[in-house]
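In: test case, fold it:
(2 chains)
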There are 2 protein chains.
Amino acid sequence: MTYCLGILLPAGLVLASDSRSSAGVDQIALVNKLSLFSIPGSRVVTLLAAGNLATTQAVVAALRQTAGSRLPDQDIHTAQTLFDVAVLVGRTLRDVIARDGDYVQSYGDPSASFLVGGQIEGEPPRLFQIYSAGNFVEASDRSRFLQIGETKYGKPILDRGLSAESNLDEGAKLALLSFDATIRSNLSVEAPIDLLRYATDSFSDANLVTFDKQDAYWTDLRQRYSDGLAALVDKLPSPPRRVDGARLYRAPKLQRS
Amino acid sequence: MTYCLGILLPAGLVLASDSRSSAGVDQIALVNKLSLFSIPGSRVVTLLAAGNLATTQAVVAALRQTAGSRLPDQDIHTAQTLFDVAVLVGRTLRDVIARDGDYVQSYGDPSASFLVGGQIEGEPPRLFQIYSAGNFVEASDRSRFLQIGETKYGKPILDRGLSAESNLDEGAKLALLSFDATIRSNLSVEAPIDLLRYATDSFSDANLVTFDKQDAYWTDLRQRYSDGLAALVDKLPSPPRRVDGARLYRAPKLQRS
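Out: As a prediction, this is how the structure comes out:
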């Protein structure tokens, strides 16, 4: 499994991925799921991948092979908009699945999905989620984050914390806490975590950091959050007991036999 | 969808369920998913239900019809152990699905699952999860909680907070926070929440409370937790930037093109 997260803020983009690749409990490996296709100064294009590793690697490799070729509709470097990049990624994904899917099916699921985030000169930063069918949706100010892979454990902290006012560092902090929740509850997601903070109109992907399991900041963040959460829960009042029931709603007929 | 949670602690059991039943976005109803089959003073038996509502209601109704009948292997009131209750619930579930499943299949999924928690004289409190196949697993001190329905959003807070030292009120508080996380992130789970705290060897299910959406404690708990969490996240240090990269792990080859 995998967890990848993209956050679209007025301040820019936060993009993060874990590194666990596992074809089974006895075959555990670490891979990069974040790929950069940037031209510093004019465009930053980031792909985050989830799903069948052979499929996602084939898509990324195909995109790299044609990058810079100037072939129409095939060159990720000359795509005019991030929408065009999303179309290209979706089409490449369709091509790979059309070629390999039938062979793979009897061994496992060939499907995959991507997040595509970045900024191309002339546009604001954008963020897309490409489904295995090759179609896609775009993040907006009404839905600021997109997730692929093991998405549910890490969603509540984002639903609570993210707002239009969040800056990139706050978004990055929430992203890491979202990964922490996922990693604690699910064995199939694991550090190192790749984290890119992209500042609007910077056209630079330089602020990419990787946190491994023992990284000082990452372990400190997890510990502080755990301790703080335990203290917070401890301070919350206990639920009233049945003897206080008078002020509680009662279900109309909770049958007893 | 549904969310039901059972927690097994040395101090007793915490059992909770939401109330949303929905056969589609235009048909939203509230139902009881928690059913009691107790004989105060000698046994407390609680069922929590998830899945196809016709299936779960048929199972509960069948169990009520034979409760007190003294028919061997059919009377939930005379089952000797909670294991025997789990066997009976599983068999009843199989019977209902065998009878109705083929007719239902073309309209939707007939499957269902249950949590069975309680205590029967002569045994400690026990907690089981009955799968749609009618087989089941039991909670233990190594896996203190079982969930059915929409389980993932509410799992991290339990993974963090529950321990053998948690008392019933602490367990109940964590259960409600687990429901809060689920309700915030998923439309298909909703209050009222039924919450039973069962104290070991009390053989009483009197401490059953129901929190509706506007309940003062529930809204206060959610607000305090949200505020506290926001303050906690705010105080956490921001992730280091790339310029601090020297002390950060670098992925071996993060390809750039």
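In: residue A:181 reaches residue A:160, doesn't it?
Out: No: using CB atoms under 8 Å, residue A:181 makes no contact with residue A:160, being 11.3 Å away. In short, each C-beta sits where N, CA and C put it, glycine included.
In: so which of those two has more stuff around it?
Out: residue A:181 (28 against 18; other CB atoms under 10 Å in any protein chain shown).
In: tell me the secondary structure for the more buried one?
Out: Three-state assignment for residue A:181 (DSSP: H, G, I helix; E, B strand; the rest coil): helix.
In: what's near enough to touch the residue lying closest to it once chain neighbours are set aside?
Out: Leaving aside its chain neighbours, residue A:181 sits nearest to residue B:156 (3.9 Å; criterion: CB to CB, 6 or more residues apart in numbering or on different chains). Under the criterion of CB atoms under 8 Å, 6 or more residues apart in numbering or on different chains, the contact list for residue B:156 reads A:153-154, A:156, A:181-182, A:184-185, B:181.
In: return the member of those nearest to residue B:29.
Out: residue B:181 (23.3 Å; CB to CB).
In: any low-confidence regions in chain A?
Out: For chain A, the stretches with pLDDT under 70 are A:22-28, A:243-257.
In: give me the longest helix you can find in it.
Out: helix A:82-104 (DSSP state H).
In: check the offset of it from the chain's centre.
Out: The chain centroid and the centroid of helix A:82-104 are separated by 19 Å under CA atoms, centre = their mean, to the nearest Å.
In: and the contacts of it?
Out: A:37, A:45, A:47, A:52, A:54-55, A:58-59, A:62-63, A:73-74, A:76, A:79, A:110-112, A:114, A:116-120, A:123, A:126, A:128, A:130-136, A:138.
In: residue A:117 in helix, strand or coil?
Out: At residue A:117 the chain is in strand, as set by three-state DSSP.
In: what separation do you get for it and residue B:242?
Out: Separation of residue A:117 from residue B:242 (CB to CB, to the nearest Å): 17 Å.
In: those two: which has the busier surroundings?
Out: Using other CB under 10 Å, the more surrounded residue of residue A:117 and residue B:242 is residue A:117, with 28 against 16.
In: surely the more buried one meets residue A:37?
Out: No: assessed by CB under 8 Å, residue A:117 is found out of contact with residue A:37, at 11.2 Å.
In: identify the contacts common to these two.
Out: The contact lists of residue A:117 and residue A:37 share residue A:46, where a contact means CB under 8 Å, 6+ apart.
In: tell me which helix or strand residue A:178 sits in.
Out: In this structure, residue A:178 sits in helix A:168-185 according to DSSP states H and E.
In: just the buried residues of that helix, please?
Out: For helix A:168-185, the neighbour count (16 or more other CB atoms under 10 Å in any protein chain shown) marks A:168-185 as buried.
In: ditto for stretch A:190-210
Out: A:190-199, A:202-203, A:205-210.
In: got the angle between the helix holding residue A:178 and helix B:168-185?
Out: If you take axes from the mean of the first three to the mean of the last three CA atoms, to 10 degrees, helix A:168-185 sits at 120 degrees to helix B:168-185.
In: confirm residue A:137 sits in a helix?
Out: No: using three-state DSSP, the assignment for residue A:137 is strand, not a helix.
In: that one: how many residues sit nearby?
Out: Neighbours of residue A:137 (other CB under 10 Å): 13.
In: likewise residue A:40?
Out: Neighbours of residue A:40 (other CB under 10 Å): 12.
In: isn't it up against residue A:121?
Out: No: when contacts are counted by CB under 8 Å, residue A:40 is not listed as touching residue A:121 (11.7 Å).
In: and the contacts of stretch A:176-191?
Out: Taking CB under 8 Å, 6+ apart as the rule, stretch A:176-191 contacts A:1-3, A:5, A:16, A:18-20, A:22, A:30, A:149-150, A:153-158, A:161, A:193, A:195, A:211-213, A:215, A:218, A:221-222, A:225, B:152, B:155-156, B:159-160, B:233, B:239.
In: do stretch A:194-208 as well
Out: Here stretch A:194-208 makes contact (CB under 8 Å, 6+ apart) with A:10-17, A:19, A:32-34, A:36, A:38, A:40-44, A:46, A:117-119, A:121, A:124-125, A:168-169, A:171-172, A:175-176, A:209-211, B:239, B:241-242, B:251, B:254.
In: before we move on, the earlier item: okay if I get the contacts of residue B:156 as JSON lines plus distance to residue A:96?
Out: Shown next, in JSON lines, are the contacts of residue B:156 (distance: CB to CB, whole Å):
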{"residue": "A:153", "distance to residue A:96": "29"}
{"residue": "A:154", "distance to residue A:96": "27"}
{"residue": "A:156", "distance to residue A:96": "34"}
{"residue": "A:181", "distance to residue A:96": "32"}
{"residue": "A:182", "distance to residue A:96": "27"}
{"residue": "A:184", "distance to residue A:96": "33"}
{"residue": "A:185", "distance to residue A:96": "31"}
{"residue": "B:181", "distance to residue A:96": "36"}
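In: mind listing what the nearest residue to residue A:132 once chain neighbours are set aside touches?
Out: Leaving aside its sequence neighbours, residue A:132 sits nearest to residue A:111 (CB to CB, 6+ apart; 3.7 Å). Neighbour list for residue A:111: A:51-52, A:55, A:97, A:132 [criterion: CB under 8 Å, 6+ apart].
In: let me see the ranges of the helices in chain A.
Out: Under DSSP H, chain A gives helices at A:53-66, A:82-104, A:155-161, A:168-185, A:216-235.
In: could you tell me how many residues sit around residue A:123?
Out: There are 13 residues near residue A:123, going by other CB under 10 Å.
In: which one is it nearest to, not counting chain neighbours?
Out: In space, residue A:123 is closest to residue A:81, 5.8 Å off (CB to CB, 6+ apart).
In: ramachandran angles for the one you found?
Out: phi -140, psi 160 (degrees, to the nearest 10).
In: run a quick check on it versus residue A:121, I expect a contact.
Out: No: here residue A:81 lies out of contact with residue A:121, judged by CB under 8 Å, at a distance of 10.1 Å.
In: and residue A:117, how far from chain B?
Out: As judged by CB to the nearest CB, to the nearest Å, residue A:117 and chain B stand 16 Å apart.
In: for residue A:102, same thing?
Out: Residue A:102 is 27 Å from chain B, by CB to the nearest CB.
In: tell me the spacing between that residue and residue A:208.
Out: 37 Å.
In: same check, this time on residue A:30
Out: Taking CB to CB, one finds residue A:30 at 17 Å from residue A:208.
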